[in-house]
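Novice: predicted model and sequence below, questions to follow.
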Amino acid sequence: MGEMEELRKEMENLKDQITAARKTFQDSTLQEAAAGVTVVGRVQLKTRKTLRGHLAKIYAMHWGTDSTLCVSASQDGKLIVWDTITTNKVNAIPLKSSWVMTCAYAPSGNLVACGGLDNMCSIYNLKGKDGNVKVMRELAAHTGYLSCCRFLSDTEIITSSGDCTCVLWDIETGTQKTVFAGHQGDAMSLGVSPDFKYFISGACDFTAKLWDIREAECRQTFGGHESDINAIGFFPNGNAVITGSDDATCKLYDLRADQELLTYQDSSIMCGVTSLASSKSGRLLLAGHDDFNVNIWDMLKAERVGVLAGHDNRVSCIGVSSDGMACCTGSWDSFLKIWN
Amino acid sequence: MTSNCNVSNMRRLVEQLKLEASVERIKVSEAAAELQQFCLQNASKDALLVGVPTGSNPFREPRSCAVV
């Protein structure tokens, strides 16, 4: 009993220490630093393409690194690889389990992955010899739903799960290389750093965590949100993290200052954030909400500078292509739209 | 939120907090300046920010027809 009390006290002391340390480095705010910068003019993006073909809610999408192909996952039980310029379906992959919640495109373009309520991450080879797309590996070990997955390469993938952990897998052997435990709630989303050395996770414990992939440890934890974090991403230079939450706000955390820099909120926005993406320079933050819209924020000034209204149901996923030329939104209305 | 209230878990949490407390930090002013600089330096390459001329937008049909 005595040791528990001591440990609890030590825990509280350390938390206070972290809060105090962060404060000593808070010599300014991003608002002050960006005071001389003019707000971005109104951003009006138009739908350039509508990708039609899914027969049910779209839950996830991910751009290929060539900025032309993308993969989407729907609870109609299909993964579709699209050529976003021609709107042709390059592949339509039937899934064993239709309860899919996430999908990912490997940087090489050779593989795609998906998973969901089956608690597994299934890897598909798009470049098989006979031209048929088949399941290459089924990564099974999570005891909860697969919420997100991202490839590091053709041989490694990171997954986040409703079992509160994130896992680094060896795709060839189908085994877990590292289990990243620490979140006290379902891990909902993950993002990999531009240099592939770190990843971030957002969870239902209202925190975001930065993990060192090779050292296999959590380096930093960021709090402040008042509800589940559903979406997370790196700022393009890898030095900051953006989160989107059920509390209807997005937050920007700087990794080197180890603290929150800004909150993106508006009293008129009352619906949770489902998804987010940064534009290529990081200046624009695009956030998808439950209210069918995507809000576009000036990331430096925390002002809303545009809205993408075009879906007839919740925007469940959003992504900006690597070359920054377009943004893709996916919705429960079964359509994907390409905007610029 | 679930909390596993046994000693070994608490010890692990304490060790984790020690690690997070020891992270090297930089001043917010420096971090903010660098974020701002990155945005401004890369603004011209950001199609969603500055727009794309119709002719070079791969997602738009060209207005004129070329006779091949």
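Specialist: Sure, I can see it. Numbering: from 1, shown residues only, chains lettered A, B, ... in the order given.
Novice: show me where the stretch 201-340 of chain A has helices.
Specialist: For the stretch 201-340 of chain A, applying DSSP state H, counting those that start in this stretch gives no helices.
Novice: for it, which residues are neighbours of chain B?
Specialist: With the criterion set to CB under 8 Å from any CB of the partner chain, the stretch 201-340 of chain A comes near chain B through A:205, A:217-221, A:235-237, A:239-240, A:254, A:256-259, A:261, A:279-284, A:299-300, A:320, A:323-327, A:338, A:340. Every residue, glycine included, has its C-beta placed from N, CA and C.
Novice: can we see that at 6 Å?
Specialist: Contact residues, the stretch 201-340 of chain A versus chain B (CB under 6 Å from any CB of the partner chain): A:205, A:220-221, A:237, A:254, A:256-258, A:279-284, A:300, A:324-326, A:338, A:340.
Novice: sort out for me which of the residues you listed are in strands.
Specialist: Counting by DSSP state E, those place A:220, A:221, A:254, A:284, A:338 in strands.
Novice: check those and tell me the two furthest apart.
Specialist: The two members of those with the most space between them (CB to CB) are A:221 and A:338, at 35.9 Å.
Novice: ok, now which ones touch the residue most central in space within chain B?
Specialist: Centroid-nearest residue in chain B, with CA atoms, centre = their mean: residue B:35, separated by 9.6 Å. Counting by CB atoms under 6 Å, 6 or more residues apart in numbering or on different chains, residue B:35 touches no other residue.
Novice: and residue A:161, by the same measure?
Specialist: Counting by CB under 6 Å, 6+ apart, residue A:161 touches A:142, A:144, A:146, A:187.
Novice: ok, and the closest non-adjacent residue to the first one?
Specialist: In space, not counting the residues next to it along the chain, residue A:142 is nearest to residue A:161; the distance is 4.2 Å by CB to CB, 6 or more residues apart in numbering or on different chains.
Novice: measure that neighbour to residue B:14 for me?
Specialist: Distance of residue A:161 to residue B:14, computed by CB to CB, to the nearest Å: 25 Å.
Novice: repeat for residue B:30
Specialist: 31 Å.
Novice: and residue A:318, by the same measure?
Specialist: Distance of residue A:318 to residue B:14, computed by CB to CB: 39 Å.
Novice: who has more neighbours, the two?
Specialist: residue A:318 (25 against 18; other CB atoms under 10 Å in any protein chain shown).
Novice: so what's that one up against?
Specialist: Contact partners of residue A:318, counting by CB under 6 Å, 6+ apart, are A:275, A:277, A:286, A:288, A:329.
Novice: among these, who's most crowded?
Specialist: residue A:288 (29 neighbours).
Novice: the spatially closest residue to that residue that is not a sequence neighbour: neighbouring residues, count only.
Specialist: Closest residue in space to residue A:288, ignoring its immediate chain neighbours: residue A:315 at 3.4 Å, by CB to CB, 6+ apart. By other CB under 10 Å, the residues close to residue A:315 number 29.
Novice: ok, residue A:319 next?
Specialist: Neighbour tally, residue A:319, other CB under 10 Å: 23.
Novice: next: residue A:129.
Specialist: Residue A:129 has 6 neighbours, counted by other CB under 10 Å.
Novice: continuing past whichever helix in chain A runs longest, what's the next helix or strand?
Specialist: In chain A, with assignment by DSSP state H, the single longest helix is helix A:2-24. Following helix A:2-24 in sequence order, the next helix or strand is helix A:30-33 (DSSP states H and E).
Novice: which helices and strands does that next one pack with?
Specialist: helix B:28-42 (3 or more CB pairs under 6 Å, 6 or more residues apart in numbering or on different chains; DSSP states H and E).
Novice: repeat that with 8 Å
Specialist: When contacts are defined as 3 or more CB pairs under 8 Å, 6 or more residues apart in numbering or on different chains; DSSP states H and E, helix A:30-33 sits against strand A:259-264, helix B:28-42.
Novice: in it, what's buried?
Specialist: Across helix A:30-33, burial judged by 16 or more other CB atoms under 10 Å in any protein chain shown covers A:30, A:33.
Novice: could I get the average pLDDT for it?
Specialist: Averaged across helix A:30-33, pLDDT comes to 94.
Novice: could I get the CA-only coordinates of that helix as CSV?
Specialist: Output of helix A:30-33 as CSV, limited to C-alpha atoms (Å, rounded to 0.1, in the frame of the first residue of the first chain):
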residue,chain,number,x,y,z
LEU,A,30,2.8,31.5,-32.1
GLN,A,31,0.2,34.4,-32.3
GLU,A,32,2.9,36.9,-31.2
ALA,A,33,5.5,35.4,-33.6
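Novice: and residue A:259, what does it touch?
Specialist: Each residue near residue A:259 by CB atoms under 8 Å, 6 or more residues apart in numbering or on different chains is listed here: A:22, A:25, A:26, A:222, A:253, B:28.
Novice: scratch that, residue A:241
Specialist: Residues near residue A:241 by CB under 8 Å, 6+ apart: A:191, A:200, A:208, A:210, A:222, A:232, A:233, A:234, A:235, A:252, A:253, A:255.
Novice: let's see it at 7 Å
Specialist: Counting by CB atoms under 7 Å, 6 or more residues apart in numbering or on different chains, residue A:241 touches A:200, A:208, A:232, A:234, A:235, A:253, A:255.
Novice: inside strands: which ones of these?
Specialist: Secondary structure from DSSP E places A:200, A:208, A:232, A:234, A:253 of the contacts of residue A:241 in strands.
Novice: filter the residues you listed down to the buried ones.
Specialist: Looks like these have A:200, A:208, A:232, A:234, A:253 buried, using 16+ other CB under 10 Å.
Novice: and these, which is closest to chain B?
Specialist: Among those, residue A:253 lies closest to chain B (CB to the nearest CB), at 10.1 Å.
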